[in-house]
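In: Give me a 3D structure for the following:
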Amino acid sequence: MKKILFMVIALWLVFFMVAFSQPGVEPVKGGTLVIAGDAEAGSLLWYLFNHPLEYVQGLPMYESLLQVDESGQPQPYLLESIDADPDALTYTLKLKEGILFHDGSELTAEVCKWALEMYKENGRKSASFFPNIESFEVTGDYTVVIHLSSWDSTIPQSLARECGYMFSKQAWDEHGKEYCTKHPVGTGPFMFEGWERDVSKTYVKFADYWQGEPLLDKIEYKIYSDSLVAQASLELGEVHVYYCNDYALDATMAEKGFNVATGTIPLQMPFILFNSVNEDDPFYDFRVRQAVCHAIDQQALCDAIYYGYITPVNQFAPSNSAYYSDDVVGYDYDLNKAKALLAEAGYADGFSTTLQAKNETTIVACVTAIQAQLAEIGIDVELDIIEGGDYGQALTGWDSGLFFHPTGLPAAIINQANSMWRQGLSGIVLGLTSVMRPDDLNDVILSAVSAKTDEEAQMYMQQAQVMMIDKYCMFWPIGVGYNTYVKTPKLHDDGIGDIAYQMSTLWTAWLEK
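Out: Next comes the predicted model:
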């Protein structure tokens, strides 16, 4: 029997207190922290989370069973420990005792089991992140055993995201889904107070928070869809934190002395995908897909659009990842190669196609630049810009042409690949009906998931990298980089975005007067 005992939460807390404290500066109690973003959340129910802004708006109130450390490895958070037993096909979760929800109820094994079952049954990405879970069993007041149908090494990574968020069973039982949709109840340092849709949300401090009473009195979340308005509000001190992947704004505010938090883990990969399953589409031809990749000047896009916060990469992992493969050749920027491949495929004179993308400032700028780059090899691209509310469904499949998407890319590359590129997925999955998922790639990803050693998992994932890029050219990254927060220098010990965009230390946060 093999067991993996993760680091206890005490070490995690020590790291945060040392990393984010300000020596010689006395914390100030009270005040309201104003966080802003550029759009509304689709839902505040944890099992429906899908967009980064939902995680951002859930920061004050939700916490997961595990959280990743600065290197991207999951560590116990609401848990005391997690024990993995590949032979028995189980994970044993031991909860910390005395953790209360905002309604005063306690996080016990029964509540944890219920929350995990809710995600398993209703979670938007359950088929992606919980596919091998057979059941949950309570074996003690604070102990839950996860039973698997086959070994799954990605479960800790899944429990470090919304799959592992805890919600009050008491609130759900007493008030029901409709009430809880508008009044979420978590274990975080701030309690949800009110919601004016498309305008603001308010949270008040939770005095009985398990890590100590927060210093701030309140947190407000506001929506500024115009980055220029957000910039003015930051400069006037009306907003203290702004989450928005407008990298031009990041660069401007950094020059003005504001902090730009990028985290320690590259968590975003903007990339272009092809419809590779429609036989009537030019992109069904492998050579046409290759031609597009050769025609995209990654470095120019990263410099001009992403201001260096995104850097070129040739596969589904940053270059410092254990899952990065040196064997991937990729596609260098070469217009002559691109034109030759098009001619070989029968498109010497080019063709017309469509590129779909979400209506966000940086995304529109990037696809407009790509449109111009592809025109250089005779591909006439019509842009189809999708409004936010329709984007979630649009990304699951497009009839023909290209699709641009800034996917999340956690350090747990296997976890993400398993949720995106294997067969048998359902629900909101990128390119579900448009991107090929070959049998051999599926087998390699599943082998990585079921691997019992890190070395074995890395070997299989590196094989998958070669298949996705060189063998099948399923997609082509623009680069890999960070989700960013612009923060006033008057904010201290908040931890927002210091490791990952969905993490913070808001209970220790304070503002200079």
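In: Contact partners for Lys177?
Out: Listed by CB atoms under 8 Å, 6 or more residues apart in numbering, the contact set of Lys177 reads Leu45. All C-beta atoms are positioned from the backbone trio N, CA, C, and that covers glycine.
In: mind listing the strands in the stretch 101-250 of the chain by residue range?
Out: Using DSSP state E, counting those that start in this stretch, the strands of the stretch 101-250 of the chain run over 133-140, 143-148, 190-196, 200-205, 218-223, 241-243.
In: again with the stretch 401-513 of the chain
Out: 402-408, 475-477, 480-481, 485-487, 491-492, 510-511.
In: now, of the strands of the stretch 101-250 of the chain, which is deepest in the fold?
Out: strand 241-243 (a mean of 27; mean count of other CB atoms under 10 Å).
In: and that one, what does it pack onto?
Out: Where contact means 3 or more CB pairs under 8 Å, 6 or more residues apart in numbering; DSSP states H and E, strand 241-243 is packed against strand 32-37, helix 52-58, helix 227-236, strand 485-487.
In: Ok, which of the ones you listed comes nearest Asn314?
Out: Closest to Asn314 of the helices and strands packed on strand 241-243, according to CB to CB: helix 52-58, at 24.5 Å.
In: May I see the strands of the stretch 401-513 of the chain organised as JSON lines, with distance to Cys302 and mean neighbour count added?
Out: Output for the strands of the stretch 401-513 of the chain, formatted as JSON lines (distance: least, CB to CB, whole Å; neighbours: other CB atoms under 10 Å):
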{"stretch": "strand 402-408", "distance to Cys302": "13", "mean neighbour count": "22"}
{"stretch": "strand 475-477", "distance to Cys302": "10", "mean neighbour count": "24"}
{"stretch": "strand 480-481", "distance to Cys302": "8", "mean neighbour count": "26"}
{"stretch": "strand 485-487", "distance to Cys302": "20", "mean neighbour count": "25"}
{"stretch": "strand 491-492", "distance to Cys302": "29", "mean neighbour count": "19"}
{"stretch": "strand 510-511", "distance to Cys302": "34", "mean neighbour count": "21"}
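In: Using JSON lines, please lay out those strands together with distance to Ser450 and mean pLDDT.
Out: JSON lines is the format used below for these (distance: least, CB to CB, whole Å; pLDDT from 0 to 100):
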{"stretch": "strand 402-408", "distance to Ser450": "23", "mean pLDDT": "94"}
{"stretch": "strand 475-477", "distance to Ser450": "24", "mean pLDDT": "98"}
{"stretch": "strand 480-481", "distance to Ser450": "26", "mean pLDDT": "94"}
{"stretch": "strand 485-487", "distance to Ser450": "36", "mean pLDDT": "96"}
{"stretch": "strand 491-492", "distance to Ser450": "44", "mean pLDDT": "97"}
{"stretch": "strand 510-511", "distance to Ser450": "46", "mean pLDDT": "98"}
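In: returning to that earlier point: turn the strands of the stretch 101-250 of the chain into a markdown table, columns for mean pLDDT and distance to Ser352.
Out: Compiled in a markdown table, these are given as follows (pLDDT from 0 to 100; distance: least, CB to CB, whole Å):
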| stretch | mean pLDDT | distance to Ser352 |
| --- | --- | --- |
| strand 133-140 | 98 | 46 |
| strand 143-148 | 98 | 48 |
| strand 190-196 | 96 | 45 |
| strand 200-205 | 97 | 44 |
| strand 218-223 | 96 | 37 |
| strand 241-243 | 95 | 37 |
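In: hmm, back to that, and among the helices and strands packed on strand 241-243, the most buried is which?
Out: Of those, strand 485-487 is the most buried (mean count of other CB under 10 Å), at a mean of 25.
In: what lines up beside that strand in the sheet?
Out: Strand 485-487 has its sheet partners listed here by DSSP bridges as strand 241-243 (antiparallel), strand 259-261 (antiparallel).
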